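A.B. asks: Structure, please.
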Amino acid sequence: MKVATPGLGATTRLLNADYDPADDTSVSPPLHQSVNFSARDAAHLHEIAVPLGDRYYTRRGNPTSSRLARVICELEGAQSGLITASGMGAISTAVLSLVRAGDHVIGQRNHYVGITEILDKILPSFGVETTRVDQRSVEEFASAIKPNTKLIILETPVNPLMHITDLRAVASLARRRGITTLCDSTFATPINQQPMACGCDLVMHSVTKYLGGHHDLLAGALVGTREIIERIWDRSLTLGAIGAPFNSWLALRGIRTLELRIKQHNDNGQALAQFLESHSAVGKVFYPGLPSHPQYALAKSQMSGFGGLLTFELKGGHEAAVAFISKLKWVSLASSLGGVSSVAIQPAALFGEQLSQEVIDQQGITPGIENTTDLLADVQQALER
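C.D. replies: All right, here's what the predicted structure looks like:
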């Protein structure tokens, strides 16, 4: 019998963590593309209608999604997990499950735009107070805590400025006061960073990105203690942002090669960051794997690799960035990231009025898993042209 254990390497665990002797008559996991599951009798129906049960009704759980959750839990060191329709489905379901009117939530000044909308608009409309702090300052987190603070939302590294949050320090602050911590670790992935090992209570991933890894699915994931996940699951039955079995099946296929892909993403990100930092046309590069990054030491202390996402400024400004992106041959202009192909984006083109001038002046490249020499050659010719 195949049994995954923490002593095994990440890829071995990725291949075996979801082993289920009831399902595994084939090497590839089955797809349970079914809404309903039949019961033998009334007693059996009651038996399978349990929290996080996956053979009753797919809005409550599905065997294919359960398998994906087990793999992510294995890598994050979590007890239980829930698969949702998207990363935003995961974060919104979690937040609406953990806070109520009169509570206070702390977030960061820099977040994925959807999380910013939750903090700035949605939660206040429901009577939840929010405060956003500079994620680089543990002191700001500490000063923001109030008697009614129930949740701290973290994201590290954060796009596009590659700021890093000190997970151990903030999680320690929160735990001493009974505050739940939720970390979006999408850009790091479990290969490069494990927030729960740093003391966080919950970890969220946009499975759409690196975990799925092939630009072909939408899904989100939440992992943590069984107690917290069951609480979120209970609210998810009403909110309905549950993941589709087919997308979970695609993500299971993609996640098997996560460690192999992330190694190439890391290598390409590091090589591209170093190349750009040395190029005369580039003003500044934001990448946590560069010694010039102001939080380089912190990044090294909580990350085993620095990922495939970086941002840089061209000395020629906005117009130079437009010209640069138009000259790329193998790098696509696209809005999402984390797949096998490299993509580039100007934040000004994507979010425009929602961003500061500091961010608008930058552009990002997310290296895929192309050959490093080919990727560098493409970026070099675009810079020269």
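A.B. asks: Outline the domain layout of the chain.
C.D. replies: Annotated domains of the chain cover 10-255, 258-384 [automatic domain parsing].
A.B. asks: Now do the longest strand seen in the chain, average pLDDT.
C.D. replies: If you go by DSSP state E, the chain has its longest strand at strand 149-155. Per-residue pLDDT over strand 149-155 has a mean of 98.
A.B. asks: who's in contact with that strand?
C.D. replies: Applying CB atoms under 8 Å, 6 or more residues apart in numbering, the contact partners of strand 149-155 are 91, 95, 98-99, 103-108, 110-112, 115, 119, 135, 141, 165, 167, 170, 174, 177, 179-186, 195, 200. Bear in mind the C-beta positions are built from the backbone N, C-alpha and C, glycine included.
A.B. asks: strand partners of that strand, parallel vs antiparallel please.
C.D. replies: With DSSP bridges as the test, strand 149-155 is paired with strand 104-108 (parallel), strand 180-184 (parallel).
A.B. asks: where's it relative to the chain centroid, distance-wise?
C.D. replies: Its chain's C-alpha centre and that of strand 149-155 lie 16 Å apart, by CA atoms, centre = their mean, to the nearest Å.
A.B. asks: From the centre of the protein, give me the residue that's furthest out.
C.D. replies: residue 41 (41.0 Å; CA atoms, centre = their mean).
A.B. asks: what about the strands in the stretch 1-150 of the chain?
C.D. replies: 80-84, 104-108, 129-133, 149-155 (DSSP state E, counting those that start in this stretch).
A.B. asks: Tell me which of those sits most buried.
C.D. replies: Among the strands of the stretch 1-150 of the chain, strand 80-84 has the highest mean neighbour count (mean count of other CB atoms under 10 Å), at a mean of 27.
A.B. asks: Give the other helices and strands that that one contacts.
C.D. replies: For strand 80-84, the packing partners by 3 or more CB pairs under 8 Å, 6 or more residues apart in numbering; DSSP states H and E come out as helix 63-76, helix 87-98, strand 220-224, helix 226-239.
A.B. asks: Take those and write them to TSV, including distance to residue 340 and mean neighbour count.
C.D. replies: Formatted as TSV, the entries for these read as follows, by distance: least, CB to CB, whole Å; neighbours: other CB atoms under 10 Å:
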stretch	distance to residue 340	mean neighbour count
helix 63-76	19	24
helix 87-98	19	23
strand 220-224	20	28
helix 226-239	30	17
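A.B. asks: related to what we said a few turns ago, want to try CSV for the strands paired with strand 149-155, with mean pLDDT as columns?
C.D. replies: Formatted as CSV, these follow (pLDDT from 0 to 100):
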stretch, mean pLDDT
strand 104-108, 98
strand 180-184, 98
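A.B. asks: Any chance of a markdown table for these, columns distance to residue 321?
C.D. replies: Shown next, in a markdown table, are the strands paired with strand 149-155 (distance: least, CB to CB, whole Å):
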| stretch | distance to residue 321 |
| --- | --- |
| strand 104-108 | 26 |
| strand 180-184 | 27 |
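A.B. asks: wait, which of the ones you listed is closest to residue 146?
C.D. replies: When the strands paired with strand 149-155 are compared by CB to CB, strand 104-108 sits nearest residue 146, at 5.0 Å.
A.B. asks: Can I get that closest one in CSV, CA atoms only?
C.D. replies: Extracted in CSV, the C-alpha atoms of strand 104-108 (Å, rounded to 0.1, in the frame of the first residue of the first chain):
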residue,chain,number,x,y,z
HIS,A,104,-12.0,44.0,13.7
VAL,A,105,-9.8,42.6,10.9
ILE,A,106,-6.2,43.6,10.2
GLY,A,107,-4.8,43.3,6.7
GLN,A,108,-1.8,44.6,4.7
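A.B. asks: For residue 343, name its beta-bridge partners.
C.D. replies: Residues in beta-bridge contact with residue 343 (DSSP bridges): residue 332, residue 366.
A.B. asks: wait, what's in contact with it?
C.D. replies: By CB under 8 Å, 6+ apart, the neighbours of residue 343 are 331, 332, 333, 334, 336, 337, 365, 366, 368.
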